[in-house]
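[1] Below: sequence and its predicted model.
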Amino acid sequence: MSPTPATHFLVQRSDLRNTRFVADESSGTPLGDGEVRLRTDSFALTANNITYAAFGDSMRYFDFFPSPEVGWGRIPVWGFAEVTESRCAGVSPGERVYGYLPISTQVVVSPVRVNDGGFVDGAPHRRELHAVYNQYLRCATDALYRADREAEQALLRPLFVTSFLIDDFIADNERFGARTVLLSSASSKTAYGTAFCLQQRRDTPDAVQVVGLTSPSNLAFTESLGCYDRVVSYDTLGSLPADEPGVYVDFSGSATLRSAVHQHFADRLAYSCAVGGTHWDDLGSAAGLPGPRPTLFFAPSQVKKRSVDWGHDGLQQRIAAAWHAFMAPVTDARQPWLTVVRESGPEAIAATYLELLDGRTNPRQGHMLSL
């Protein structure tokens, strides 16, 4: 009996608001030697995935899971899947794994470097893409995995690793001589994860003042987190003192905001770090701005550097320690930073995606979805 064809969620590359679900008849074929079929169980959908879509072509995020239709893309997500069929030695049906998945009912991978911890997808089209996104972890042996915290892991773990690396990158470069770090989209999970990491350096030589920039509607939530020294709305950016060197970490990607920050701080801006694109509809050129040229932060590069400096195990130990510290406020019973919203089905997925695209989601909520 042939496998059931996969259902995919597609977005039009030229118009991210245009979406559709399609049945991919080409996916209903028997596995080849060395292949494994994964059934997507549940996954997180956050502003980070909007960044994947906004930079889908330029950063090759759409290349991880090719679309069956020209002009359309499959947005990668982080989540959990079950091995339903295997023709790969060392990978067995029934195993649960965590990793990079498409918004699809199933996906076929070609495991290589199989070990107790997991495997890497060695499919030809993924070999030239960065290895960080090709790793699948076995939940049974993952030190960070807890069955009752799957939602928090899918929603925050990939974002928090980026947060950890941004903080480490700034400290590794001696804060670029600055004592203030400004974070845009300060209510976003990657931004407040970064703020949390920066604040762990209080009372050390690497301590900085952490300033959050956010929309007026998210001001109260962002202040309630307690990990920012100061929070200002975008329309009051001019109230910030501009006489001391500062670092700008841009999670929004907004050309309008980037220009305002550079105009306000000018040569006092020590470094401009481009990370995300939550304001995907206001992306634009950074040419001609006063101050330093915005430089794209690519997390895998810092992973590579620190893997050399500290060794793979040393890096993972540091990330794990920071992660467990971060989980305390995130899951605080009295006032958790994150409330998980679980939904399933095409309508829920499409609606959540559009809410994220329009910036209409509640910043305290995290959406855990399934097809």
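    Everything's here; your move.
[2] quick one, what contacts Leu198?
    Leu198 makes contact with Asp167, Ile170, Val181, Val208, Val210, Cys227 under the criterion CB atoms under 8 Å, 6 or more residues apart in numbering. Just so you know, the C-beta spots here come from the backbone N, C-alpha and C atoms, and that holds for glycine as well.
[3] That one - nearest residue in space that isn't next to it in sequence?
    Closest residue in space to Leu198, ignoring its immediate chain neighbours: Val210 at 4.9 Å, by CB to CB, 6 or more residues apart in numbering.
[4] Doesn't that neighbour lie inside a strand?
    Yes. Under DSSP: H, G, I helix; E, B strand; the rest coil, Val210 sits within a strand.
[5] Neighbours of Pro329, how many?
    16 (other CB atoms under 10 Å).
[6] Report whether it is found in a helix, as I expect.
    Yes. The assignment for Pro329 is a helix, going by three-state DSSP.
[7] That one contacts Trp337, correct?
    Yes. Using CB atoms under 8 Å, Pro329 is in contact with Trp337, at 5.3 Å.
[8] hey, what's in contact with both of these two?
    In contact with both Pro329 and Trp337: Leu225, using CB under 8 Å, 6+ apart.
[9] what about the stretch 151-300 of the chain, any weak spots by pLDDT?
    For the stretch 151-300 of the chain, the stretches with pLDDT under 70 are 276-287.
[10] For it, just list every one of the helices.
    189-199, 219-225, 255-265, 299-310 (DSSP state H, counting those that start in this stretch).
[11] again with the stretch 1-150 of the chain
    47-54, 150-172.
[12] Need the contacts of Leu198 in CSV (columns: distance to Thr141 and neighbour count).
    Below are the contacts of Leu198 laid out as CSV (distance: CB to CB, whole Å; neighbours: other CB atoms under 10 Å):
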residue, distance to Thr141, neighbour count
Asp167, 28, 24
Ile170, 32, 24
Val181, 36, 26
Val208, 37, 20
Val210, 35, 25
Cys227, 32, 23
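[13] Make a markdown table from the residues you listed and add distance to Arg149 to it.
    Formatted as a markdown table, the contacts of Leu198 follow (distance: CB to CB, whole Å):
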| residue | distance to Arg149 |
| --- | --- |
| Asp167 | 22 |
| Ile170 | 28 |
| Val181 | 29 |
| Val208 | 30 |
| Val210 | 26 |
| Cys227 | 20 |
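[14] Of those, which pair is most distant in space?
    Ile170 and Cys227 (15.2 Å; CB to CB).
[15] Can you pull the domain assignment for this protein?
    Split into domains by automatic domain parsing, the chain comes to 6-142+338-370, 159-301.
[16] Would you tell me which one of these is buried the most?
    domain 159-301 (a mean of 19; mean count of other CB atoms under 10 Å).
[17] Can you give the distance from that domain to the centre of its chain?
    On the basis of CA atoms, centre = their mean, to the nearest Å, domain 159-301 sits 16 Å off its chain's mean C-alpha point.
[18] Straight-line length of that domain, end to end?
    16 Å (CA to CA, to the nearest Å).
[19] Ala242 is in contact with Arg268, isn't it?
    Yes. Between Ala242 and Arg268 there is a contact under CB under 8 Å: 5.6 Å.
[20] roughly how far apart are the residue nearest to Leu198 and Phe265?
    Look at Val210 and Phe265: by CB to CB, to the nearest Å, they are 16 Å apart.
[21] quick revisit: which stretch among the helices of the stretch 151-300 of the chain comes nearest Thr29?
    Closest among the helices of the stretch 151-300 of the chain, once you apply CB to CB, is helix 299-310, at 32.2 Å.
[22] Let me know the angle separating that closest one from helix 150-172.
    Interaxial angle, helix 299-310 versus helix 150-172 (axes from the mean of the first three to the mean of the last three CA atoms, to 10 degrees): 70 degrees.
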